[in-house]
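Chemist: Need a 3D model of the sequence below.
(one chain, ligands or ions: 2)
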Amino acid sequence: MSRILHIEDDAGSRLLVRKVLAAAGHEVLDAASGLEGVRLAKTSQPDLVIVDLNIPDLDGYEVALRLRGTDSLAAVPIVAITAEGDRETSLAVGCDGFIEKPIDVRSFPAQIQRFLGGHKERPSQTGDLPLRAASHRIVERLEHKVEDLVEANARLEEVARLRREFLRNLSHEISTPMTPAVGYLKLLLNEELGPLTAMQRKALVAVDAGVSRFRGLIDTLLDVSALETGRLHFFARDYDFAKMAKRAIDEAKPRLVDKQVTLHVTPATGPTPAYGDPDKVRRAMSHLLDNAIKFTPKGGTVAVRATSRAGSDGSAETLVFEVADSGPGVPESHQEKILEVFFQADGSVTRQYGGVGLGLAFARRVAEAHGGRVQIESPPRDPWTAAELASTPLTGTLVRLELEVRPTLPAPPTDG
Ligand SMILES: Nc1ncnc2c1ncn2[C@@H]1O[C@H](COP(=O)(O)OP(=O)(O)OP(=O)(O)O)[C@@H](O)[C@H]1O
Ligand SMILES: [Mg+2]
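Modeler: Numbering: from 1, shown residues only. Ligands and ions are numbered 1, 2, ... in the order given. Next up, the predicted model:
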């Protein structure tokens, strides 16, 4: 019994060959396109390959050339089978035999058996003319493919550019009319435009809450557009890293209470002087906390630690902000992707958590601008969580924000 790979796009022909060869005692694998055929040939190491010359993506001549160029397949018999292909070209590119369609089911197994036994057809033409003709055709096809790809790529880039511009315009357009609304609300609530009745105040407080929420959304949109266009502005100054961490944690506390999530904080040992954009750093920290609280089920645990540590090789100090949780974790295959804008591990319409997939992309940009990075560990490897919290193991996700103490921040963009 031999293992025979049959590469053919027509399902009827595949079935016929399979039946005939299986009846003769062979194992038949099949592939419906040139690329799939090459892949399967490499992984299944067949004893013989039958290839139709007229198949999608790589055609039969190209498949033969490709297989001949692969060390493990260089000696495998290849039989071209076709209604309209060219025998001389087939042999020139490395086929050992050429069978015309339709196949004769009675003699076909014997024909194949001969090739399995080492039979090779001889080309009637000598010299490199057929090979050159084949190469010429292949290069021509390649040229068209490359042209198609360049065109498709240009279209994709255009779509990406339009999307970025749309986001940018949209976020600016909706933030502008909000400015007077926010201003007047403040004047009204401060009774600078006259005294308020209790009912009026209640109404205004409700409006104010809605407006705040809306402004949060606009800020997110502005961040997205800044991230997408690589135009996130950084405003650098001296600040206290430990203080920023404390502020981010304090801001997150009400949400912890809502969800009955227990918070363990390992406080910084003292002030941690640093240089950078403290507002962005704090917001990056908030996004980490936000995720931990959001994805941890009711009654779960979140642990936070803000530290600084010296590089092991004596290199400069690194600021570290870590958040670990007892949530569902992030599968290995998604750990890189969730750092990209808009990527959410659960991208389904029925997903149960809110958000637009921006938090970690934002945190990563901020970390990178500060000479650092964001790392994901799921489940967390770091022993501090286990040692300090033996009672509530944090088996979900650990997200670590690392920053240089005195980074050189990116220069502000020069236009728009
Ligand atoms: N602590 C975590 N536990 C489990 N999954 C997480 C955690 N943090 C992030 N993820 C996964 O990574 C995805 C991306 O997170 P990211 O913060 O960037 O966006 P988001 O939280 O979905 O939306 P946004 O932050 O814009 O409100 C999340 O949708 C989630 O699938
Ligand atoms: Mg988030």
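Chemist: immediately after the least confident helix or strand in the chain by mean pLDDT, which helix or strand?
Modeler: Across the helices and strands of the chain, mean confidence by mean pLDDT, DSSP states H and E is lowest for helix 383-388: a mean of 59. Going down the chain from helix 383-388, the next helix or strand is strand 398-404, by DSSP states H and E.
Chemist: so how far is that following strand off the chain centroid?
Modeler: Its chain's C-alpha centre and that of strand 398-404 lie 21 Å apart, by C-alpha atoms, centre = their mean, to the nearest Å.
Chemist: and it, what does it pack onto?
Modeler: helix 278-295, strand 318-325, helix 359-369, strand 373-377 (3 or more C-beta pairs under 8 Å, 6 or more residues apart in numbering; DSSP states H and E). No exception for glycine: its C-beta is placed from N, CA and C like everyone else's.
Chemist: Let me know which of the ones you listed is tucked in deepest.
Modeler: Of these, the one with the most neighbours on average (mean count of other C-beta atoms under 10 Å) is strand 318-325, at a mean of 25.
Chemist: And that one, what does it pack against?
Modeler: helix 278-295, strand 301-309, strand 398-404.
Chemist: Would you mind putting the helices and strands packed on strand 398-404 into TSV with mean pLDDT and distance to ligand 2 alongside?
Modeler: Formatted as TSV, the helices and strands packed on strand 398-404 follow (pLDDT from 0 to 100; distance: least, C-beta to the ion, whole Å):
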stretch	mean pLDDT	distance to ligand 2
helix 278-295	95	4
strand 318-325	94	11
helix 359-369	94	3
strand 373-377	96	12
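Chemist: can you give me the strands in the stretch 101-250 of the chain?
Modeler: Here the stretch 101-250 of the chain has its strands, by DSSP state E, counting those that start in this stretch, at 237-240.
Chemist: Show me what residue of it gets nearest to ligand 1.
Modeler: residue 220 (6.3 Å; C-beta to the nearest ligand atom).
Chemist: Show the contacting residues for that residue.
Modeler: Going by C-beta atoms under 8 Å, 6 or more residues apart in numbering, residue 220 touches 356, 358.
Chemist: Looking at it now. What's its pLDDT?
Modeler: What the model reports for residue 220 is a pLDDT of 79.
Chemist: again, but for residue 239
Modeler: On the pLDDT scale, residue 239 is placed at 96.
Chemist: Identify all residues paired with it through a beta bridge.
Modeler: residue 274 (DSSP bridges).
Chemist: what's near enough to touch the most centrally placed residue in the chain?
Modeler: A centroid search over the chain (C-alpha atoms, centre = their mean) returns residue 337, at 4.3 Å, as the residue closest to the centre. By C-beta under 8 Å, 6+ apart, residue 337 lies in contact with 343, 345.
Chemist: Could you do residue 178 as well?
Modeler: Applying C-beta under 8 Å, 6+ apart to residue 178 gives the contacts 211, 214-215, 218.
Chemist: In ChimeraX, how would I select just the buried ones from the residues you listed?
Modeler: Listed next is the ChimeraX selection for buried residues among the contacts of residue 178, using 16 or more other C-beta atoms under 10 Å:
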select :218
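Chemist: need the contacts of residue 178 in CSV with distance to residue 117, can you?
Modeler: Below are these laid out as CSV (distance: C-beta to C-beta, whole Å):
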residue, distance to residue 117
211, 84
214, 78
215, 79
218, 75
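Chemist: Show me which residues of the stretch 151-300 of the chain sit near ligand 2.
Modeler: residue 291 (C-beta under 5 Å from the ion).
Chemist: and the stretch 151-300 of the chain, which residues reach ligand 1?
Modeler: By the rule C-beta under 6 Å from any ligand atom, the part of the stretch 151-300 of the chain lying against ligand 1 is 287, 291-292, 295.
Chemist: again, only using 8 Å
Modeler: Taking C-beta under 8 Å from any ligand atom as the contact definition, the stretch 151-300 of the chain meets ligand 1 at 220, 287-288, 290-292, 294-296.
Chemist: got any ranges where the stretch 201-350 of the chain has weak pLDDT?
Modeler: Along the stretch 201-350 of the chain, the parts satisfying pLDDT under 70 run over 311-315, 349-350.
Chemist: So which of the helices and strands packed on strand 398-404 is nearest residue 114?
Modeler: strand 373-377 (58.3 Å; C-beta to C-beta).
Chemist: other SSEs contacting the closest one?
Modeler: helix 359-369, strand 398-404.
Chemist: Out of these, flag the one nearest residue 174.
Modeler: Among the helices and strands packed on strand 373-377, helix 359-369 comes nearest to residue 174, with 19.2 Å by C-beta to C-beta.
Chemist: Helix or strand: which one has residue 29?
Modeler: In this assignment (DSSP H and E), residue 29 forms part of strand 27-31.
Chemist: Within its sheet, name the partner strands of that strand and how each one runs.
Modeler: Looking at strand 27-31 with DSSP bridges, its partner strands are strand 3-7 (parallel).
Chemist: Which residues does the strand it pairs with contact?
Modeler: In contact with strand 3-7 (C-beta under 8 Å, 6+ apart) are residues 14, 17-18, 21, 26-34, 36-37, 40-41, 44-52, 55, 60, 63, 112.
Chemist: in stretch 345-358, what counts as buried?
Modeler: Buried residues in stretch 345-358, counted by 16+ other C-beta under 10 Å: 345, 357-358.
Chemist: Figure out how far that stretch is from the centre of its chain.
Modeler: When distances are taken as C-alpha atoms, centre = their mean, stretch 345-358 is centred 15 Å away from the chain's centroid.
Chemist: can you list the residues that contact that stretch?
Modeler: For stretch 345-358, using C-beta under 8 Å, 6+ apart, the contacting residues are 220, 223-224, 227, 287, 294-295, 330-331, 334, 337-338, 341-344.
Chemist: overlap between the buried residues of stretch 345-358 and the residues near ligand 2?
Modeler: Near ligand 2, by the rule C-beta under 5 Å from the ion, you find none of these.
Chemist: among these, which are within reach of ligand 1?
Modeler: Taking C-beta under 8 Å from any ligand atom as the test, ligand 1 is in contact with 345, 357-358 out of the buried residues of stretch 345-358.
Chemist: Next, find the distance separating residue 289 from residue 304.
Modeler: 7 Å (C-beta to C-beta, to the nearest Å).
Chemist: so what's in contact with those two at the same time?
Modeler: Joint contacts of residue 289 and residue 304 (C-beta under 8 Å, 6+ apart) are 249, 323.
Chemist: Tell me the confidence at residue 170?
Modeler: As predicted, residue 170 sits at a pLDDT of 87.
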